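Participant: kindly generate the corresponding structure for this input.
(chains A and B)
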Amino acid sequence: MDPMILLSMVVAAITAVAIYTFIGFIPGTDETSVLLPISMAVVLMGVDPIIVLTFFIASIVTLNITNTMPTALVGLPGGVMSSAMIEHAIYIKGEGRSAKIIKKMVAASALGVVISVPVALLLANLIAPFAANIRPYAPYLFVFGAIFLSLISRHKVLSLFSILPLAMLFQGLRHLYWGTGVVPPDVTITISFFLGITIGPLLVSLFALLNRENFEKMRVKQHKAISVPKDDHETSLNPFRILDKEERRNLSFGALIVNFLFVLSPVGLTILIGESIGRRFKTGMKKATLSITSMSAVVQATYLSGIIIPLLALGIPLSPVSLGPGAALYNAPPVLSLDNNLHHLLTGSQFAFAVITGAIIALSLSYILISRYAGAITNFIMVKIPHEAVLGLFIGFIVLLAFIDGGTINIFGVLLVGLVAGSLNKMGVNYGVQFMSLYAAPFLVDFLAGLI
Amino acid sequence: MKKPLVEIWGDVVDAKELTLSIVITTTLALGLHLLAPADNPTAGLFFGLAGAVTGFLISCVLFRPKRTVTKEGEE
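Facilitator: Numbers count the residues shown, from 1 in each chain, chains lettered A, B, ... in the order given. Sure thing, here's the model as predicted:
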């Protein structure tokens, strides 16, 4: 291998660790909104595909570890995934043990990566021979996926009923843009609609503030009270010492099993596995510790398998992780498209090499950094980074990407997508169903139009 | 007058400052994007992202977090 490429991979991984350590510690930074624009920028820079993949893997591994830190230390979820852990985190914090638990969580996270990377690579290689048979059915698979994710969600009928209206919304906007000539007929707007879905719940909350009566209801008198635990410098960093045998066994099982369920929603899986492992204990520290360590491992495994398996085996985004945060690796015009993306540009061994390099660098750096300085970093973020700036940054990102995708008109198109998707989300239609509907939309609308 | 504090997404913000932060960040993101050479989509994205991050940093300097932070002496 070219030593320049290898060096660039290492630099890319370290850069990813630096960026996402900072972002991860900021509470409320939604994974898709922070992973997609930056990975998109890296793809569009035209860097070697192997460097793109290294960067992305290092990004998700780091973000999934650092997001759990504000969750455990101050009780504010770092991102969507760690919102699943919040209840246990608050219990543990109440018991005054959060400085100890973060070491367990980081160790669990590390084991999750170590287990899921080889398993996901293996599964991808097992599925790959059937790729040519599967690929022509991709449009059907997206429809099937939307229906399937609806059926396993908590609000089945509601989710099923929202698939077609969502498809109408997306295709309606696309045809409007083609009709008015703002977008050429061979361009399909997708990326900014993704982000519209992701940021939807925030947009709905912000719109609610514009109603005087709602505003008075959401009003509070005091600042948020936050207490930051001190760093614990004494415990060893050896994951086998930090985690007891029962914790290791449970989280290993969780991290293994989710690889086979890579088409399911990561948040859903994390809650499902974490809660069912903790359920054997009614209350107390044992329940909270087992649940939260298993969740830390499962979060890593869902993200890694959700990107590695579809990307390596098929090259079409057939999992919520690939549809959302990893979308830029599949489709980033003009550099990548569904017929020419990382799946087509990398050989199997290059792919595995990039994944392993990214994962190892991200794990070792963030493991050491966080085990020693988690409290100090959290304190810095809490004192220096206002929530206003974070929300402003999200809105800035979304307006920018909407404008780049389809001009001024698309800023309002994405606003419309956000308001509809966000309202549905608040009613109980999860992101997975909405992302699948976006991918299934052209097929569904052609089908409906053909019915007359 | 009382400050318009509201709780949104798990944390407390001042509605006026939030509005300002959104205006600053969006203006800088779009503004810098439009300054980039029009024939280079990559530069366009980079200028825009840089604008958004600059807006974020300006908001961090202008506004204080609405949090009362205390340090614990755990165990």
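Participant: phi first, then psi, for B:D14.
Facilitator: Torsion angles at B:D14 (phi, psi; degrees, to the nearest 10) stand at phi -90, psi 120.
Participant: residue contacts, it?
Facilitator: A:388, B:3-5, B:63, B:66 (Cβ atoms under 8 Å, 6 or more residues apart in numbering or on different chains). Quick note: C-beta positions are derived from backbone N, CA and C, even for glycine.
Participant: out of those residues, show me where the pLDDT dips lowest.
Facilitator: The lowest pLDDT within these belongs to B:K3, with 82.
Participant: mind checking what secondary structure that one has?
Facilitator: coil (DSSP: H, G, I helix; E, B strand; the rest coil).
Participant: dump the residue contacts of it.
Facilitator: Counted by Cβ under 8 Å, 6+ apart, B:K3 has contacts B:D14.
Participant: now do A:F435
Facilitator: Remark: with contacts taken as Cβ under 8 Å, 6+ apart, A:F435 is in contact with A:194, A:197, A:320, A:323-324.
Participant: go on, A:R135?
Facilitator: Applying Cβ under 8 Å, 6+ apart, the residues near A:R135 are A:314-316.
Participant: equivalent analysis for B:A52, please.
Facilitator: B:A52 neighbours (Cβ under 8 Å, 6+ apart): A:393, A:396-397, A:400, B:25, B:28-29.
Participant: quick revisit: out of the contacts of A:F435, which sit inside helices?
Facilitator: A:194, A:197, A:320, A:323 (DSSP state H).
Participant: next one: the second one from A:T283, what distance?
Facilitator: Pointing back at A:I197 there. Using Cβ to Cβ, to the nearest Å, A:I197 is found at 37 Å from A:T283.
Participant: same check on the last one?
Facilitator: When distances are taken as Cβ to Cβ, A:L323 and A:T283 turn out to be 37 Å apart.
Participant: which one's more surrounded, those two?
Facilitator: Neighbour count, other Cβ atoms under 10 Å in any protein chain shown: between A:L323 and A:T283, A:L323 has more, with 27 against 8.
Participant: skip the chain neighbours and tell me the closest residue to the residue positioned nearest the centre of chain B.
Facilitator: Centrality entry for chain B: nearest residue to the mean C-alpha point is B:F56, 3.5 Å, by Cα atoms, centre = their mean. Closest residue to B:F56 apart from its sequence neighbours, by Cβ to Cβ, 6 or more residues apart in numbering or on different chains: A:L393 at 4.3 Å.
Participant: what stretches of chain B score poorly on pLDDT?
Facilitator: Within chain B, the segments meeting pLDDT under 70 span B:1, B:73-75.
Participant: backbone torsions only: list them for B:T68.
Facilitator: Here B:T68 shows phi and psi, under degrees, to the nearest 10, equal to phi -100, psi 110.
Participant: would you tell me which residues of the stretch 1-150 of chain A are close to chain B?
Facilitator: For the stretch 1-150 of chain A, the residues in contact with chain B (Cβ under 8 Å from any Cβ of the partner chain) are A:27-28, A:37-38, A:40-41, A:44-46, A:76-77, A:96-100.
Participant: let's see the ChimeraX selection covering just the buried ones among those residues.
Facilitator: Typed into ChimeraX, the line below selects the buried ones among these, using 16 or more other Cβ atoms under 10 Å in any protein chain shown:
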select /A:27,28,37,38,40,41,44,76,77,97,98,99,100
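Participant: helices - which of the residues of the stretch 1-150 of chain A next to chain B land there?
Facilitator: Per DSSP H, the subset of these in helices is A:37-38, A:40-41, A:44, A:98-100.
Participant: what comes up buried for the helix or strand harbouring B:V23?
Facilitator: In the assignment (DSSP states H and E), B:V23 maps to helix B:15-35. Of all the residues in helix B:15-35, those buried under the rule 16+ other Cβ under 10 Å are B:15, B:17-22, B:24-26, B:28-30, B:32-33.
Participant: and stretch B:63-75, by the same measure?
Facilitator: Those buried within stretch B:63-75 under the rule 16+ other Cβ under 10 Å are B:63, B:65-67, B:69, B:74.
Participant: same question, stretch A:385-401
Facilitator: Buried-residue list, stretch A:385-401, by 16+ other Cβ under 10 Å: A:385-401.
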